[in-house]
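>>> structure, please.
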Amino acid sequence: MKSNKHKGSRLKIFSKKPKKALWTLAIPILAGMSIQTIYTTVDMIYIGRLGGEAIAAVAFNMPLLFFVLGLSMGLGSGVTASIARFIGASDKINADNSAEHALLMASIISIIMVLVGLLYGKQMLVVLGTTPELINIAWSYLRVITIGLFFMVFSGFFRSILAGEGDMKTPMIITAVGTVLNIILDPIFIFVLGYGVPGAAIATVISQAIVFSIFIYLFLIKEHTYVTFRLRDFSFSRYIIYDIIKVGVPASMAMIIMSAGQAVFNKILVSYSAYSVAAFQIGGRIDVVIFLPIMAIATALTTLVGMFYGAKDFENVKFIIKYGMLRSVFITTVGSIIIFILAPLIVKGFSNEPEIQQTAVTYLRLIVFIYPLISIAMTSGRVMQGLGLGVPMLVTTIIRVLGVSVPLALIFNYALHKPIEWMWYSMMIATVVAVITAALWLRFALKRRMISV
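Next up, the predicted model:
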C-alpha cells in the first residue's frame, strides 16, 4: 500500500509558512488555468476565422456549458472545502468518504446532463435566443460537445478532490496535457478535415476523454492521491453529503444563476446585432485572462482557510485572508491599466469585423474599472466556502445578477431604448452592490467565529 505521510504533512508545512503556502497552491492553479485559457482563446481565434456568425453561434452555447460547468465546479468546491477541513482535523476516514461521495455525484450529474443535452439541446438553444440563421451551426457544436460532458464533469470532480488535499500541481500537469492536445487537434478538425465549428467540439471531446483516462489511472490504479478509494466498501453517508452540499449546492446555484444571466444578456444583445453577442463573448474571454490569478488565489484560499479553520488555527486564518485579498486587488488594478491601454490591439486578434472590434473595446474600457471590486467579491466568497459557508456566494450572486444587472439591462434596453454601452453600465452597478454585500457578510461571518480581521 502506498504511503500518505508526505501528503498528510502538508498542513504542518502550510501552517509554518502561510505566505509560501498560498503561492505554492496558487501558482500551479494559475498555470493550469492559464493553459486552459490559452486553449479557449486559441479556440475562439480559430472559430473567429470562420466569421462573426460562427463566434455568435458558439456564444449561444456558452450559457448551457457554463450551467454544466457551474454545477460540477460548485459541488466540486463543496468537495474541496469538505476534504480540506477533514484533513485539517486529521480525519482521513471522512476525507476518503468525501472523495467517494464526489464520484457518486459526478456519475449522476454526467449521465443526466448527457441525456438532457442530446434530447433537448436544440430546443434549449432556441429558448436562449439563438436566431434561425444561427441555430444549425449552434446545434452542430452542442450536439458533439454534449457527448464529452461525461469526461468534463468527472475531471472537474477529480481536480476538486486534489485541491482539497492541497495537491495543485498534478491537475495542472494533466490539464496541460489535455490543452496542448486540444490546440493541436483544433486546426486539424476545423480546417484540415473541414468540419468547421463542430470540429472544435470534436477536438475538445477527444482531449477531455484523454484527461479523464489519466485521472482514472492516477486515482484508481496508481493510487497517487492522499485520499484512498475503496469503492467496494462504499457506504452512503447523509452526514458527508450534507457537508459537501452545504457549500457545493449554493455555489452551484450561484454559477447556474450566472449562466442564466449570461443567457439573458445574449438575448438582449442579439436585439442590437449578432455581432454584439460575439463582441460580448470576446470581451468575456479577455476578462477571464485578467482574473486567472485571482481565481487561483481564491481557490487556494478555500483550501488554506478550510485547513487552518479545521485545525483551529485562527491566527493563520486571519493572516491568509488579508494577504490573499490585498494581492488580488493589486493584481487586478495592474491588469485594468494594461487592458485599458491595449484593448484595441488585443481585440483585433479575435476578429476582423469592425463592428465586433468597436463593441468589444468599449466593453473592456468600461468594465476594467470594476476589476478590483470583482476580486474582492471573488475572494470573499471563496474564503466563506473554506469556513463551510456556501449561502453567502449564492445570495451575493442572486443580488448581482437577478436583483440588479438583468433588471437594469432590461429597463435600459426595452423601456429606455439606450445604446449598448448601457448594458455594461448595468453590470458595473451590479458589481458595486455585490461587493458591498460580500465584504460585509465576510466581516460578520468572521466575527461570529471570533476571528477579527
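
>>> tell me where the model's unsure across the chain.
By pLDDT under 70, the low-scoring segments of the chain are 1-11, 450-453.

>>> please, where are all the strands along it?
Assigned by DSSP state E, the strands in the chain number zero.

>>> any idea how far residue 354 lies from residue 418?
22 Å (CB to CB, to the nearest Å). Bear in mind the C-beta positions are built from the backbone N, C-alpha and C, glycine included.

>>> comparing those two, which residue is more hemmed in?
residue 418 (15 against 9; other CB atoms under 10 Å).

>>> OK, contacts around the more buried one?
residue 412 (CB atoms under 8 Å, 6 or more residues apart in numbering).

>>> got the phi/psi numbers for it?
The phi/psi pair for residue 418 (degrees, to the nearest 10) reads phi -80, psi 160.

>>> tell me how far stretch 150-165 is from the chain's mean position?
12 Å (CA atoms, centre = their mean, to the nearest Å).

>>> what segments of the stretch 101-250 of the chain are helices?
Along the stretch 101-250 of the chain, counting by DSSP state H, counting those that start in this stretch, helices occupy 132-147, 149-164, 169-187, 197-216, 238-269.

>>> so which of those comes closest to residue 222?
Residue 222 lies closest to helix 197-216 among the helices of the stretch 101-250 of the chain, at 9.8 Å (CB to CB).

>>> buried sites along the closest one?
197-209, 211-212, 214-215 (16 or more other CB atoms under 10 Å).

>>> related to what we said a few turns ago, which one of the helices of the stretch 101-250 of the chain lies nearest to residue 432?
Nearest of the helices of the stretch 101-250 of the chain (CB to CB): helix 238-269, 16.2 Å.

>>> what about residue 330, neighbour count?
Residue 330: 12 neighbours (other CB under 10 Å).

>>> gap between it and residue 434?
20 Å.

>>> same check, this time on residue 196
With distances taken as CB to CB, residue 196 is found 39 Å from residue 434.

>>> can you tell me how far residue 276 is from residue 353?
Applying CB to CB to residue 276 and residue 353 gives a distance of 11 Å.

>>> between the two, which is the more surrounded one?
residue 276 (24 against 17).

>>> tell me how far that one lies from residue 344.
Taking CB to CB, one finds residue 276 at 18 Å from residue 344.

>>> for residue 196 and residue 434, indicate the residue with more neighbours.
residue 434 (27 against 16).

>>> for the closest residue to the more buried one other than its chain neighbours, the count of nearby residues, please.
Excluding its sequence neighbours, the residue lying closest to residue 434 (CB to CB, 6 or more residues apart in numbering) is residue 400, at 3.7 Å. Residues within reach of residue 400, counting by other CB under 10 Å, total 26.

>>> contact partners for residue 400?
Counting by CB under 8 Å, 6+ apart, residue 400 has contacts 430-431, 433-434.

>>> of those, closest to residue 75?
Checking the contacts of residue 400 against residue 75 with CB to CB, the nearest one is residue 434 at 22.2 Å.

>>> ok, that closest one touching residue 398?
No: the criterion here is CB atoms under 8 Å, and residue 434 misses it with residue 398 at 9.6 Å.

>>> show me what contacts the residue nearest to residue 88 when sequence neighbours are not counted?
Of all residues not flanking residue 88 in the chain, residue 310 sits nearest, at 2.6 Å (CB to CB, 6+ apart). Contact partners of residue 310, counting by CB under 8 Å, 6+ apart, are 84-89.
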